[in-house]
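1. Here's a sequence, model it:
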Amino acid sequence: MDLDNLKSLWNKEDVSETPEISTERQKEIHLPLEKIRKNMRNEFWPTAILLPIILILIWFFQIPFRFKLYIEVLVASMALVTAFFFSKFFKLYKEISNPTLGTFDSLKDLLHQFELNKQYYLSFYLSFVPFFVCEIVIITESIPYTHQYTDGLLALKFILSILFGLFALYFFGLWWFKHFYGKYIDRIKRLVEEMKLQ
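-> So this is what the prediction gives:
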């Protein structure tokens, strides 16, 4: 096939343009996106300030050195995990700030990013399970008991504390995401569905 035939085939091919989103729809989408960005900022700054403060304040408590060291290692590890997940959230934050959300495809891509970040968010909360278990172990080992507990009763209290904490962590994570992000993502999904029907 020669070059002229290839050009003519290329020109004949029906290439549909990516549909543009109207200015009114862009404004409707902008409001929930701005709410999500605001909530991301409000979540980032307190965490970024609080973790270093905790690392410093631990050394002012009158507790055994070994206990301080364990807590420091736990909080530092939590800070590393938090930094990793915040780096993922920051990519989404930059994507939301992108002014080129004028096409339907870019909006669908953004919804995909939201879905990925929802998984990151739930993973973030689940990644705190080992830290929570370690904290329970440290507290159990470090606090002097006024009563003598049998090994069975101590094991039962330990297991119940962990189960309660894990359920609380899981449901708190779900509630937090739904309250601060999920309702806005759902609003954007509804707008996208309305646009599909038009």
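2. looking at the protein, which helix or strand is least sure?
-> helix 3-12 (a mean of 56; mean pLDDT, DSSP states H and E).
3. buried residues in the helix or strand that that one is followed by?
-> Sequence order places helix 23-57 as the next helix or strand after helix 3-12, per DSSP states H and E. Going by neighbour count (16 or more other C-beta atoms under 10 Å), the buried part of helix 23-57 is Arg25, Gln26, Glu28, Ile29, Pro32, Leu33, Ile36, Met40, Leu51. From N, CA and C alone the C-beta is placed, and that goes for glycine too.
4. can you pull the contacts of the fifth one?
-> I take that to be Pro32. Counting by C-beta atoms under 8 Å, 6 or more residues apart in numbering, Pro32 touches Tyr184, Ile185, Arg187, Ile188.
5. can you tell me which of the buried residues of helix 23-57 lies nearest to Phe89?
-> Phe89 lies nearest to Met40 out of these, by C-beta to C-beta, at 6.1 Å.
6. Skipping its backbone neighbours, what lies nearest the most centrally placed residue in the chain in space?
-> The centre of the chain sits closest to Tyr121, judged by C-alpha atoms, centre = their mean, with a distance of 2.7 Å. Spatially, and ignoring its direct neighbours in sequence, Tyr121 is nearest to Phe177 (5.2 Å; C-beta to C-beta, 6 or more residues apart in numbering).
7. and which of the buried residues of helix 23-57 is nearest Glu115?
-> Ile36 (13.5 Å).
8. shouldn't the closest one be in contact with Glu95?
-> No. Using C-beta atoms under 8 Å, Ile36 makes no contact with Glu95, being 10.7 Å away.
9. Please, which helix or strand holds the residue nearest to Tyr121?
-> Using DSSP H and E, Phe177 sits within helix 151-177.
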